[in-house]
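Predicted model and sequence follow; I will ask about them next.
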Amino acid sequence: MKRIIFTCLSTFPMLIFAQSLQLHYDLRHTVDPKHNPQNFPTLFFEYFKSQMDTSSFIKPGSFLFKAETDMKGDKNNIGNAFVQVTQSFRLWRPKIFVGVQYSGGLGVTEPRQYSYYINNSFAIGPNYSFQWRGFYCSTSVYYTYNMRKKPSDDVMLSFYWWKGLFNYKIEFNGDFELYTLNKNTGEDFTKDLKGKTVSFFGEPQVWYNVNKSIAFGSKQLLYYHVNTTENLFQVYPTVAIKVKI
């Protein structure tokens, strides 16, 4: 499973600092009961900081910390946890940054012997941010080292966007990731597999800002070769509340 999201918006002064706590209710059982035994709440925390006009030799760009807990265990205990940390920097005048990223986590299943790791991954690659027709955008190309039982050297393309509407009362944002993974994970049941799996993950979202601190919204979780090896495109909506801290 992969959930790497890099939002390096260091060229945009209005997004210098932000942090938020989000509570989503995931409706995947309602829309796809065949593949999902239940709906469940998910808690997100995001911290973002951009340092722009520094005179140091190594110029830091943006820092992102993101944590997610899916409460899909028995009696809505935590069944899945994920963390991601990203820092960008540059040593040159053009505002093309290099991002360095870590992500990992774990999951609990019933029966417990099928619990799993969300394997550690380390990524590095260039990032470029730009504006287009009122959208603030960021695109990245990463080399990723996935620490599975049989390590996997991979490529990921990432795209992030954000736009405010109606005097920023509505926010439309999200990201897409297209990435590869080895079919042979090092487990016995995959030892005869060759080549790469191409996977896709996306989470477009829309928010209505009640005031500067509270927003209501929805996220669409898009998966292909993330939750299953079947050639199945999955779309799962959430309803959510966000507290801007």
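Thanks, I have the structure now.

Which neighbours in the sheet does the longest strand along the chain have, and how are they oriented?
Secondary structure assigned by DSSP state E gives strand 116-132 as the longest strand of the chain. Sheet pairing of strand 116-132 (DSSP bridges) gives strand 96-107 (antiparallel), strand 135-146 (antiparallel).

can I get the ones you listed in CSV with mean pLDDT and distance to Asn77?
Using the backbone N, CA and C atoms, a C-beta is placed for each residue, glycine as well. Formatted as CSV, these follow (pLDDT from 0 to 100; distance: least, CB to CB, whole Å):
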stretch, mean pLDDT, distance to Asn77
strand 96-107, 94, 12
strand 135-146, 95, 28
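
What residues of the longest strand of the chain count as buried?
Across strand 116-132, burial judged by 16 or more other CB atoms under 10 Å covers Ile118, Asn119, Ser121, Ala123, Gly125, Asn127, Ser129.

roughly how far is that strand from the heart of the chain?
The chain centre lies 9 Å from the centre of strand 116-132; the measure is CA atoms, centre = their mean, to the nearest Å.

Spatially nearest residue to Lys149, not counting backbone neighbours?
Gly186 (2.9 Å; CB to CB, 6 or more residues apart in numbering).

measure the one you found to Pro151 for me?
For Gly186, the distance to Pro151 (CB to CB, to the nearest Å) stands at 8 Å.

What residues of stretch 181-190 count as buried?
Buried-residue list, stretch 181-190, by 16+ other CB under 10 Å: Leu181, Asn182, Asn184, Thr185.

Give me the residues contacting it.
The contact list for stretch 181-190 (CB atoms under 8 Å, 6 or more residues apart in numbering) reads 2, 146, 148-150, 152, 154, 191-197, 199.

That stretch: end-to-end distance?
13 Å (CA to CA, to the nearest Å).

Return the distance of that stretch from the chain's centre.
Relative to its chain's centre, stretch 181-190 lies at 23 Å (CA atoms, centre = their mean).

let's have the chain start at 565 instead
With 565 as the first residue, the last one maps to stretch 745-754.

For it, give the mean pLDDT please.
What stretch 745-754 shows for mean pLDDT is 91.

All the helices of this structure, residue numbers only.
Per DSSP state H, the chain carries helices over the ranges 592-595.

low-scoring pLDDT stretches of it, where are they?
For the chain, applying pLDDT under 70 flags the ranges 565-581, 616-619, 677.

in the sheet, who's paired with the closest residue to Leu729 other than its chain neighbours?
With sequence-adjacent residues excluded and distances taken as CB to CB, 6+ apart, Leu729 is closest to Phe736, at 6.5 Å. Beta bridges link Phe736 to Lys727, Val770, judged by DSSP bridges.

Not counting sequence-adjacent ones, nearest residue to Ser722?
Once flanking residues are discounted, Ser722 sits nearest to Ser704: 4.3 Å by CB to CB, 6+ apart.

Tell me how many other residues crowd the one you found.
Ser704 has 28 neighbouring residues, counting by other CB atoms under 10 Å.

before we move on, back to that, redo the buried residues of stretch 745-754 as TSV? Include distance to Tyr800.
Shown next, in TSV, are the buried residues of stretch 745-754 (distance: CB to CB, whole Å):
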residue	distance to Tyr800
Leu745	21
Asn746	26
Asn748	28
Thr749	24
